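Undergrad: need a 3D model of the following:
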Amino acid sequence: MGETIVRNKQVILASYSNEGPVTQDHLNVIETQLDIKGCKHGEVTVKNMWISVDPYLRARMKNLGTGLFLQSFKLGQPIVSRSVSKVVASADGQFKEGDIVYGYCDVAEYAVLSGSGLTKLNADVAPLPHYLGLLGSSGLTAYIGLMKIGEPKPGEQVFVSTAAGAVGLVVGQLAKINGCRVVGATSSDEKVKVLKEEFGFDDAFNYKSETDWDAALSKYFPTGIDIYFENVGGRMLEAVLNHINMNARIPVCGMISQYNEDWKQTYGVRNLLNLVVRCAKMQGFIVGHHLDHMDQFREEMISYTKQGKLKYRVDIKQGIDSFLEAFNSMFSGKNIGKTVVQL
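TA: A predicted model of the protein is given here:
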């Protein structure tokens, strides 16, 4: 073997998982060999440093067929996620060896990518994992959903589901910065404490112990909900719709409670008519359609962080072999903040 041949671990989709948790039967770690100098014109070879672990990947591990906006990952091929990587070889004049880049990449130790899909990063601006969380798609999702769709006003009542996750932490703090009262739902008493004491939420509750969510929302929102940042769906959405105020706004970035269900068997919300009665807006969005806001968003996030108005957490798992554990931790409620794998 030449000096440029490296061993390369990859996470591949071995079989589809249409319902239930993802297991080792579905995701396999395999080892291949890669010639890092083998990139062709316009390509670069990268060594992944940080890999983003996101709930939406769950949908792409299903056999979705046609008609949905997402495409299934291909069987026997590496799954793909956002990553922060170091260029180890380049056949693209925009990049040189040692550059730190951001883009979509195979969940692997090394990968060959088109340079056209990569962005250079400045490691001096922020910790590199933040480009996958606070300064990346998770943070931008919070920003677009709350600021552009939710349009918060001082004094309004804001409810954040999965409040201790990568998106929810940013939503809650941005709402506070904009003068709102914020309550979060999360999966443990420990997280309730963290949300209130570390991240400044006005209140929070454990949705696993407060199982009557309609009663819980009556208690925490006696005057109703003006903005609900939706990331759960199912029974939680149904409960919230009984408490929305006139002209409420519901930005929808995901429905994690439904991701392990067959999409044809997901929970049917029964009270959508409340949207009509309360003249409310419920709007879904894809963060990739709003990348033109990235520069403004990052500038604001960095400023808030420097002022001490915004904090963040990164939940780090080590090594490519930990990807499955990291992925499932989001569905079991074990993570706080952005989940990433460090290589």
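Undergrad: tell me the domain boundaries of this protein?
TA: As assigned by automatic domain parsing, the chain contains the domains 5-133+313-342, 137-288.
Undergrad: straight-line length of the first one, end to end?
TA: In this case it means domain 5-133+313-342. For domain 5-133+313-342, the first and last residues are 22 Å from each other (C-alpha to C-alpha, to the nearest Å).
Undergrad: now residue 245, nearest residue through space, not along the chain?
TA: Nearest residue to residue 245, sequence neighbours excluded (C-beta to C-beta, 6 or more residues apart in numbering): residue 224, at 3.9 Å. In this view, the C-beta of every residue, glycine as well, is placed from N, C-alpha and C.
Undergrad: if I pick that neighbour, what's in contact with it?
TA: 157, 243-245, 248 (C-beta atoms under 8 Å, 6 or more residues apart in numbering).
Undergrad: just to revisit the earlier point, nearest to residue 307, of the domains of the chain?
TA: The closest of those to residue 307 is domain 137-288. By C-beta to C-beta, the value is 9.4 Å.
Undergrad: how far is the closest one from where the chain is centred?
TA: Relative to its chain's centre, domain 137-288 lies at 15 Å (C-alpha atoms, centre = their mean, to the nearest Å).
Undergrad: what's the answer for stretch 16-30, then?
TA: How far stretch 16-30 lies from its chain's middle: 20 Å, per C-alpha atoms, centre = their mean.
Undergrad: what's the span of it, first residue to last?
TA: 17 Å.
Undergrad: list the buried ones in it?
TA: Buried residues in stretch 16-30, defined by neighbour count with 16 or more other C-beta atoms under 10 Å: 17, 22, 26-27, 29.
Undergrad: CSV please, covering those and showing secondary structure.
TA: Listed next are these as CSV, based on DSSP: H, G, I helix; E, B strand; the rest coil:
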residue, secondary structure
17, coil
22, coil
26, coil
27, strand
29, strand
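Undergrad: rewinding a little: from the contacts of residue 224, which is closest to residue 280?
TA: Of all those, residue 280 sits closest to residue 248, with 4.2 Å by C-beta to C-beta.
Undergrad: dump the C-alpha coordinates for the strand or helix carrying the closest one into PDB.
TA: Residue 248 is located in strand 244-252, with elements delineated by DSSP states H and E. In PDB, the C-alpha atoms belonging to strand 244-252 read as follows (Å, rounded to 0.1, in the frame of the first residue of the first chain):
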ATOM      1  CA  ILE A 244     -53.500  29.200  21.400                       C
ATOM      2  CA  ASN A 245     -54.600  32.800  21.500                       C
ATOM      3  CA  MET A 246     -56.100  34.800  18.700                       C
ATOM      4  CA  ASN A 247     -53.600  35.400  16.000                       C
ATOM      5  CA  ALA A 248     -51.100  32.800  17.400                       C
ATOM      6  CA  ARG A 249     -48.200  31.700  15.300                       C
ATOM      7  CA  ILE A 250     -46.900  28.100  15.100                       C
ATOM      8  CA  PRO A 251     -43.600  27.700  13.200                       C
ATOM      9  CA  VAL A 252     -43.200  24.000  12.400                       C
END
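Undergrad: what residues does it touch?
TA: So strand 244-252 is in contact with 144-146, 149-151, 157, 223-230, 240, 274-275, 278-285, going by C-beta under 8 Å, 6+ apart.
Undergrad: where do the helices of the stretch 51-200 of the chain begin and end?
TA: 57-60, 137-143, 168-177, 189-197 (DSSP state H, counting those that start in this stretch).
Undergrad: for the ones you listed, give me JSON lines that also has mean pLDDT, mean neighbour count and distance to residue 162.
TA: Shown next, in JSON lines, are the helices of the stretch 51-200 of the chain (pLDDT from 0 to 100; neighbours: other C-beta atoms under 10 Å; distance: least, C-beta to C-beta, whole Å):
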{"stretch": "helix 57-60", "mean pLDDT": "88", "mean neighbour count": "19", "distance to residue 162": "14"}
{"stretch": "helix 137-143", "mean pLDDT": "94", "mean neighbour count": "26", "distance to residue 162": "11"}
{"stretch": "helix 168-177", "mean pLDDT": "97", "mean neighbour count": "26", "distance to residue 162": "5"}
{"stretch": "helix 189-197", "mean pLDDT": "96", "mean neighbour count": "17", "distance to residue 162": "10"}
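Undergrad: list the contacts of stretch 184-191.
TA: Contacts to stretch 184-191, defined as C-beta under 8 Å, 6+ apart, come from residues 159-164, 168, 172, 192, 195, 201, 203-209, 232, 236, 333, 336.
Undergrad: thinking again about what came up before, which of the buried residues of stretch 16-30 lies closest to residue 80?
TA: Relative to residue 80, the closest of the buried residues of stretch 16-30 is residue 27; by C-beta to C-beta it sits at 12.8 Å.
Undergrad: tell me who's in contact with the closest one.
TA: Neighbouring residues of residue 27 by C-beta under 8 Å, 6+ apart: 11-14, 61, 79, 323-324, 327.
Undergrad: ditto for residue 311
TA: 169, 173, 198-199, 305.
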